[in-house]
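*Asks:* Okay, here's the prediction I keep looking at, along with the sequence it came from:
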Amino acid sequence: MADDIEDVSFLPGDTLNRKSLYEPSLPQRCRQLICTKGKATAIIVGMGIFILLVALIAAFARSGSRTCDGQTTESVTPTAAPVEDYIATNGEKFPWRNIRLPPSISPLEYDIYLHPNLTQRKFSGDVKIKCQVLEKTDFVVLHSRDLVVTQVSVKTLPDNDEKKITNQLEYTKNEQIYLKLESSVSSGDKIHIKMHFEGKLNKKLSGFYLGTYTDSHQVIRYLASTQFEPTAARQAFPCFDEPAMKANFSMSIVRDKDYKALFNMPLISSTPTNGLMRDKFQQSVKMSTYLVAFIVCDFDSITNKTKAGTNVTVWAPKDQISQAHYALQVAVNVLDCYNKLFDIPYPLPKQDLVAIPDFSSGAMENWGLITYRMTAVLYDPVHSSTRDKEWVAIVVAHELAHQWFGNLVTMKWWDDLWLNEGFATFVEYLGTESLNETWKMEQQFFELTLSPALTYDSVKSSHPIATPVHNPDQINDLFDSISYFKGASVIRMLKTFLGEADFNKGISSYLRKYSYSNAVTADLWQSLSESSSQKIDVKAVMDTWTLQMGYPVISISRQGSRVTLSQSRYLSFPHSVIKEEFQSPYGYKWYVPFVYGEMEEGGNFIENKVWLNMTQAVVNVDSNKLVIGNYGNTGYYRVNYDLSTWQKITQHLMKNHKVFSDGDRAGFISDAFELSRSGLLNITIPLEMTKYLENEEDFLPWSSAISALTYIKQRIYDRDVVTIFKKYVLKLMKKQMTRLGWKKEGDYLTRRLQSLLISVAVSYGDVNTVKEATDRFNQWMQNTDNIDPELQGRIFDAGIMYGSEKEWTFVKSQYLTVLVPSKRSQLMKALAKSRDDSLLSRYLQYALDNKIIKQQDISTVIKFVSGNVDGRLLAWRFVQRNWSKLRKWFGDVSFTLTDIIKDSTSEFSTPFDLEEVQQFFKEHDAGPGTRAVQIASENIQMNIQWLEQNGQTVQHWLQRNSE
Ligand code: BES
Ligand code: ZN
């Protein structure tokens, strides 16, 4: 039976990028009985040897030396091929043997002319790059990929003297062009490089690519747009495509009369040429190539102004522009908020937000021209849920944060990507909070960011925040939960110990100091140290969090009034045989700003702080007072107590759980279950703790509990005990289900709780809930306007799960015609909930037909079919069968291959599965998904071991605790 819970944003083992967070899958179950302990161990050891080999190959591929400023000095062989022969396309030797560009020439200004032809799916253009010579040289190297580059000339300025080019070579592997000059140019000289280029408007969702959408008259319409981050600007025009090579960009675009052209900067003039129009745009500020963007489309727009006078415009297809008002309102308000927060005004005259029908990630922060997936920018008050609305606010707030963090100040090289993504993730909460306090963003941080980070960072296949990267595959691989979620979590912890005022001061001075320039992580620490009135050495503290992977568990042990706080590295799966790719320079010890609460007589807590400086600490507390760690939940660590304290906490939860905040309650549940996973705590402790949930009325602790309980359910899915398990969970939920029912009332988090509980009840087959949900589904089939948008996803799921081909076909037809992207996305996910093999197979087949499922959504379909126990094997077979296609389509797109690998394999729970997955990726290149294969393998091993360790105990506990 298919029973997937749909409303938990994150579960252990679930794949992570922010898009998938809001397009959550869930519980996935094992398809086979777990084998005996002896056999499992033998296979794990056998597999360990293979993993070791893979790790060695990966480590080899990553070896490359870095100078002290973090710059790469050597090129790196990205695959297992030991010797690179550097043969150019014409068969000659390619003289430049480094994947990084030479430091001798730096671009100052680009003047680009582009003529895209949407009908013929191609473009041509001219680029003129004014450059500064920094070191004497007789050659130029720049980036180009999949372009035919001709008519190359180099002139010296100011006289425009032609420098003869004696050889022009291209080395496709490093995506470089080499121009040999007849004689040298000297330091201080300025030169002009001119090139003509031609390329294809590809359909790969990166570079300059073609998109399509169908309007309300079923007419297919075309647009061309860009996605350059991290290394795809070179697919649109030859350029110096490294983040530190900033320049000013001027642009002219030729377009059809009925189309519009958009660029980072405002339009200056439109001139008719040969029946077409030529649009010229203002020159940009100094910026990195990955932030350049241009679009040719036939969209409509709505506009407003910020208090500071910036013009904000949202663009969308004509039929959908009515759904753009919320994003416009968010953008205007959040820009005003950040102008104040950073104390630096947004520097461009305009900010455009564009809804792109074919888009690989959630959104992209191109300076002044932010592009969005439709679901991340369009919101319909009648048909979308509050969660959809919140997602729009979060994404807009995130991308606007990048206008300062990333765009104004950019990382020197991609190994500091976390400076961009971690910071924007942290700041998105501030931006969203400023819009709507009732969403309680600060509390949601635990569920959406901190908790997933702790899960991802607790395995040996994790990586430090600062990770050396060299080639595009490795760079793409860095857009992961460590950069985003751990990055944001450690910044939040840092803000807590520095204090808000000092923190804001330091951030503002950092942004000011490095405006229109680049920075490394140490520069940020320097600015924050300077602003610290407590004189904290920020670098010393933060290096332990960014240069080593993982985090500590702080154990609190008590002898009378003496409380000892000790730290050790936390691993979910300490017995993992994965060979670690990274060693810690600090022996896995941290500077921990430990916050604890002492409980007073009346139940109030007094907050205290103590530093664990790479070692332990001792504090004195009244011996009869309860001490709880990570008070306020801002720490990036877990806390373990002695047995009697865990029991006391449980007693308090049972007696009056409100003595603890909802965040602390969620933290106890999350820590206790997690510690039991690693063997540090007997699983009966968290199981006992769950009993208090009957009275729990808040979303946060419930979401923490459901996510932990789901992990258990996935492991025991095919055992008899699962029946008692479901009964137990349904019993826990009963009181709150009765309280909330299907009522259309309550604040946002209350409605999230309602939706979560309904989702569990539907998937566990609770008779009353299933009946109500399917009745509502049938009413919706009669009248598709008749549905509560907050619960529509649950209703669609139930209709498909408990329905037949008729219901499935109806949902499919709705999916194809509905114009509200957030609703479409709910329908798309529901289609994967079927329990009918043939429908699921058909659905997977649709994923290859872009008239039904857009390429951007293939990974979501795979994810949701994999999340359905009846579809899991089908999905994994589908991935294997179509691997070469998927690799080709998504090889250049961050997240996607990683998602596909993790989603289609991570929930397997048997040695047989493990072997199959590893064997497959031994024979097939995973490209940017190489780390994902490691993570998936470790997850499968962890799943196997969890059952060995806890299966019996859970069964006995459930038998004892079910009447
Ligand atoms: N800079 C990224 C977009 C991106 C992702 C570019 C991967 C290249 C590779 C953007 O700022 C981002 O982080 N987008 C998120 C949404 C956000 C709200 C977290 C995304 O796409 O999921
Ligand atoms: Zn981002």
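*Replies:* Perfect, I can see it now. Ligands and ions are numbered 1, 2, ... in the order given.
*Asks:* Tell me which stretches of the stretch 101-250 of the chain form strands.
*Replies:* Counting by DSSP state E, counting those that start in this stretch, the stretch 101-250 of the chain has strands at residues 105-117, 122-133, 137-143, 147-157, 161-163, 165-171, 176-185, 190-200, 207-214, 220-227, 248-255.
*Asks:* Mind checking those strands for the one nearest to residue 575?
*Replies:* Judged by C-beta to C-beta, the one of these that comes nearest to residue 575 is strand 220-227, at 41.3 Å. Where you see a C-beta, it was placed from the backbone N, CA and C, and this is true even at glycine.
*Asks:* The closest residue to ligand 2 within the stretch 151-300 of the chain: neighbour count?
*Replies:* In the stretch 151-300 of the chain, the residue that lies nearest ligand 2 is residue 229 (8.8 Å; C-beta to the ion). Residues lying near residue 229 (other C-beta atoms under 10 Å) number 27.
*Asks:* Now do the contacts for residue 733.
*Replies:* In this structure, residue 733 makes contact with 693, 757, 760-761, judged by C-beta atoms under 8 Å, 6 or more residues apart in numbering.
*Asks:* who wins for neighbours among the residues you listed?
*Replies:* Ranking those using other C-beta under 10 Å puts residue 760 first, with 30 neighbours.
*Asks:* who's in contact with that one?
*Replies:* 5, 706, 729-730, 733.
*Asks:* quick one: average confidence on the helix or strand harbouring it?
*Replies:* Assessed by DSSP states H and E, residue 760 sits inside helix 748-763. The average pLDDT for helix 748-763 rounds to 97.
*Asks:* I would like the C-alpha coordinates for that helix, written out in PDB, please.
*Replies:* Output in PDB follows, covering the C-alpha atoms of helix 748-763 (Å, rounded to 0.1, in the frame of the first residue of the first chain):
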ATOM      1  CA  TYR A 748      -0.300  29.700   9.800                       C
ATOM      2  CA  LEU A 749       1.600  27.100  11.900                       C
ATOM      3  CA  THR A 750      -1.600  25.700  13.300                       C
ATOM      4  CA  ARG A 751      -2.800  25.000   9.700                       C
ATOM      5  CA  ARG A 752       0.500  23.500   8.900                       C
ATOM      6  CA  LEU A 753       0.000  21.200  11.900                       C
ATOM      7  CA  GLN A 754      -3.500  20.300  10.700                       C
ATOM      8  CA  SER A 755      -2.100  19.500   7.200                       C
ATOM      9  CA  LEU A 756       0.700  17.400   8.600                       C
ATOM     10  CA  LEU A 757      -1.500  15.300  10.800                       C
ATOM     11  CA  ILE A 758      -4.000  14.800   8.000                       C
ATOM     12  CA  SER A 759      -1.200  13.700   5.700                       C
ATOM     13  CA  VAL A 760       0.000  11.100   8.200                       C
ATOM     14  CA  ALA A 761      -3.500   9.900   8.900                       C
ATOM     15  CA  VAL A 762      -4.200   9.500   5.200                       C
ATOM     16  CA  SER A 763      -1.000   7.700   4.600                       C
END
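*Asks:* ok so, going back, from the contacts of residue 733, which single one is nearest residue 746?
*Replies:* Residue 746 lies nearest to residue 757 out of those, by C-beta to C-beta, at 12.3 Å.
*Asks:* May I ask you to confirm that that closest one is in contact with residue 734?
*Replies:* No: using C-beta atoms under 8 Å, residue 757 makes no contact with residue 734, being 9.6 Å away.
*Asks:* hmm, back to that, show me the contacts of residue 760 that map onto helices.
*Replies:* The helices, defined by DSSP state H, take in 706, 729-730, 733 from the contacts of residue 760.
*Asks:* Would you check how far apart residue 695 and ligand 1 are?
*Replies:* Separation of residue 695 from ligand 1 (C-beta to the nearest ligand atom, to the nearest Å): 35 Å.
*Asks:* now that residue, nearest residue through space, not along the chain?
*Replies:* residue 657 (6.5 Å; C-beta to C-beta, 6 or more residues apart in numbering).
*Asks:* hang on, that neighbour packs against residue 691?
*Replies:* No: here residue 657 does not reach residue 691: they are 10.9 Å apart, not a contact under C-beta under 8 Å.
*Asks:* Which of those two has more residues huddled nearby?
*Replies:* Applying other C-beta under 10 Å to residue 657 and residue 691 shows that residue 657 carries more neighbours, namely 19 against 14.
*Asks:* List the contacts of that one.
*Replies:* When contacts are counted by C-beta under 8 Å, 6+ apart, residue 657 touches 665, 692, 695-696, 701.
*Asks:* what secondary structure does it sit in?
*Replies:* What DSSP: H, G, I helix; E, B strand; the rest coil gives for residue 657 is helix.
*Asks:* now swap in residue 746 and tell me
*Replies:* Look at residue 746: counting by three-state DSSP, its state is coil.
*Asks:* That one: neighbour count?
*Replies:* Using other C-beta under 10 Å, the number of residues around residue 746 comes to 14.
*Asks:* and the gap between residue 825 and ligand 2?
*Replies:* Distance of residue 825 to ligand 2, computed by C-beta to the ion, to the nearest Å: 20 Å.
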